[in-house]
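In: This is a predicted model, with the sequence first.
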Amino acid sequence: MIFSTAALAQNYPTRPLRIISPFAAGGSNDVVARLVGARLGEALGQQIIVENRAGAGGVVGTEFGARAAADGYTLTMVTNATLAIVPALQKTPYDPLRDFAPVGLVGTSPYVVVVHPAVPARTIQQLVTLVKSRPQQVEFGSGGIGTPGHLAGAMLNTMTGARMIHVPYKAGNLALNDLLGGHISVTFSNTITVSELIKAGRVRALAATSARRISAFPDLPTVAESGVPGYEFALSLGLATPAATPAAIVMQLNKSLVKSLQDKILHQRFAAQSIEVLTSTPQEFAEKIRRDIDVYAKLVKTAGARAE
């Protein structure tokens with residue numbers, strides 16, 4: 001018997017759903033997936049289970065989500081890292097445009113430019129001047145080649161003509177440890193990772209990488225405000241389903257997602273993770289993915305980045 005997609009959508013959902021988080025439990029992707037999953041489940045009237053499938057910088061779980069049944073019961077927490085940055089660095093077993101049906105944006109998480117307290121720079125412009133006065137001497141660390149921390153620094157180099165030297169580590173926390181020890185000068189770190197270190201004076205924050213100031217540090221200027229107009233770098237998160245998911249189900253998921261993201265308690269919990277809630281239509285999210293792919297492809301080429 002053949003059922004129309006409209007009939008399927010009308011009865012949807014009839015059983016629990018799952019959200020694939022392509023990173024380990026406890027990380028920002030996982031935390032967001034669980035917070036959103038709880039509210040989205042309430043809006044849909046079904047339980048949502050978060051399933052962690054970590055590996056290869058998010059590639060393993062993202063591919064799993066792309067290959068799942070296109071019935072609306074498996075969503076994937078995707079980011080501009082897994083859909084734009086990683087594919088710009090290496091061939092992935094999924095096509096970010098062909099294999100996914102975007103449901104909607106969920107939020108954005110900015111980075112903060114931080115330096116060791118001994119670094120004689122208190123603004124982005126002072127840092128740029130310092131780097132230009134000390135060619136090949138000022139190092140910035142990241143969690144590896146092609147990671148957001150690497151590309152955020154590469155973008156600053158490109159837009160200012162500065163030439164900070166990139167030092168890749170196997171994980172972002174290792175780069176931060178070396179910053180604390182004074183072995184490197186700069187990192188571009190997730191806000192939640194360095195928030196307490198900033199407050200304790202163990203690192204100095206120079207600017208936020210986002211388009212707008214962040215609520216956790218309202219007095220901290222953005223990089224763009226600090227003399228680098230147009231600079232913007234943030235991790236964006238959203239939900240997607242396999243590409244063949246019926247459009248009526250995608251729209252129903254989007255409607256429920258937007259409704260769930262209006263919850264004030266959710267906003268507070270996101271803020272505690274230094275994440276700003278964002279909503280969109282599926283079409284707007286798809287357009288953002290396309291823009292991100294173009295932007296990061298160019299940035300990776302300019303930075304000369306290669307997958308490790």
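Out: Nice, I can see it.
In: Where do the strands of the stretch 101-250 of the chain begin and end?
Out: Secondary structure of the stretch 101-250 of the chain (DSSP state E, counting those that start in this stretch): strands at 139-142, 165-168, 186-190, 204-208, 234-242.
In: Which strands and helices lie in contact with the fourth one?
Out: What that stands for is strand 204-208. strand 100-115, helix 124-133, helix 191-199 (3 or more CB pairs under 8 Å, 6 or more residues apart in numbering; DSSP states H and E). (Glycine included, C-beta is placed from N, CA and C.)
In: In JSON lines, list those along with mean neighbour count.
Out: Output for these, formatted as JSON lines (neighbours: other CB atoms under 10 Å):
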{"stretch": "strand 100-115", "mean neighbour count": "25"}
{"stretch": "helix 124-133", "mean neighbour count": "18"}
{"stretch": "helix 191-199", "mean neighbour count": "18"}
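In: quick one, which of the ones you listed is nearest to residue 237?
Out: strand 100-115 (4.8 Å; CB to CB).
In: about what we covered before: of the strands of the stretch 101-250 of the chain, which stretch is the most buried?
Out: The highest mean neighbour count among the strands of the stretch 101-250 of the chain, using mean count of other CB atoms under 10 Å, belongs to strand 186-190: a mean of 28.
In: Tell me the strands beside it, with direction?
Out: Strands that pair with strand 186-190, judged by DSSP bridges, come out as strand 100-115 (antiparallel), strand 139-142 (parallel).
In: can you state the direction angle for the first one and strand 204-208?
Out: So that's strand 100-115. Counting by axes from the mean of the first three to the mean of the last three CA atoms, to 10 degrees, strand 100-115 lies at 140 degrees to strand 204-208.
In: thinking again about what came up before, okay if I get the strands of the stretch 101-250 of the chain as a markdown table plus mean pLDDT?
Out: Converted to a markdown table, the strands of the stretch 101-250 of the chain look like this (pLDDT from 0 to 100):
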| stretch | mean pLDDT |
| --- | --- |
| strand 139-142 | 95 |
| strand 165-168 | 93 |
| strand 186-190 | 93 |
| strand 204-208 | 97 |
| strand 234-242 | 94 |
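In: Present the ones you listed as CSV; the columns should include distance to residue 149.
Out: Supplementary listing: the strands of the stretch 101-250 of the chain in CSV, determined by distance: least, CB to CB, whole Å:
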stretch, distance to residue 149
strand 139-142, 3
strand 165-168, 9
strand 186-190, 5
strand 204-208, 14
strand 234-242, 10
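In: what about those, which gets the closest to residue 80?
Out: strand 234-242 (4.8 Å).
In: Could you list every helix and strand that that closest one packs against?
Out: Applying 3+ CB pairs under 8 Å, 6+ apart, we find strand 234-242 packed against helix 28-44, helix 59-67, strand 74-79, strand 100-115, helix 247-260, helix 282-303.
In: could I have it exported to CSV, CA atoms only?
Out: Provided in CSV are the C-alpha atoms of strand 234-242 (Å, rounded to 0.1, in the frame of the first residue of the first chain):
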residue,chain,number,x,y,z
ALA,A,234,31.4,31.9,15.3
LEU,A,235,30.4,28.3,15.6
SER,A,236,26.8,27.9,14.4
LEU,A,237,24.7,24.9,15.3
GLY,A,238,21.5,23.6,13.7
LEU,A,239,19.4,20.5,13.0
ALA,A,240,19.2,18.6,9.8
THR,A,241,17.6,15.4,8.5
PRO,A,242,18.5,13.1,5.6
